[in-house]
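**Student:** need the 3D shape of this:
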Amino acid sequence: MVYACRICQYDELGENKCVYRNDLLTVTKEQVGVTTDLMNDTTLAHSSIQCPSCGHDDAVLFQDQSKRKETRMILFYVCTKCNHSFTDPTLPRGEVE
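**Tutor:** Numbering: from 1, shown residues only. Model (predicted):
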């Protein structure tokens with residue numbers, strides 16, 4: 001490894017051959033995010049899906065906002081009655097955390 005100055009021509013050989021890599025793609029997962037007052041947002045679509053928490057049959061839905069290439073289209077639902085957030089119940093358990 002060579003340490004080099006971007007301003008002048010100075011450079012020196014580094015003794016430590018270890019390079020650190022911080023792979024954020026394995027750390028981030030699909031998450032609901034902030035759901036405060038989503039039930040009052042008039043720009044979001046509504047679905048007649050049943051809430052697993054209270055049984056109400058109206059929820060707003062939105063797509064996962066991850067900016068990764070390999071992200072699947074995950075829809076998140078927020079109940080308009082109890083503000084409980086959940087994913088599509090037809091997805092197999094363990095697919096989304």
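**Student:** quick check on the nearest residue to residue 53 once chain neighbours are set aside: phi, psi?
**Tutor:** Excluding the flanking residues, the one nearest residue 53 by CB to CB, 6 or more residues apart in numbering is residue 84, at 3.8 Å. To be clear about C-beta, it is placed using only N, CA and C from the backbone, and glycine gets the same treatment. Per-residue torsions, residue 84: phi -70, psi 130 (degrees, to the nearest 10).
**Student:** in contact with residue 84, which residues?
**Tutor:** For residue 84, the contact set (CB atoms under 8 Å, 6 or more residues apart in numbering) comprises 51-54, 78.
**Student:** any idea how far residue 49 is from it?
**Tutor:** Counting by CB to CB, to the nearest Å, the gap from residue 84 to residue 49 is 12 Å.
**Student:** same question for residue 85.
**Tutor:** 12 Å.
**Student:** can you list residues touching both of the two?
**Tutor:** Joint contacts of residue 85 and residue 49 (CB under 8 Å, 6+ apart) are residue 77.
**Student:** what comes into contact with the worst-scoring helix or strand of the chain on mean pLDDT?
**Tutor:** In the chain, no helix or strand scores lower on mean pLDDT, DSSP states H and E than strand 2-4, which sits at a mean of 84. By CB under 8 Å, 6+ apart, the residues outside strand 2-4 that reach it are 10-14.
**Student:** many thanks, I have nothing further to ask.
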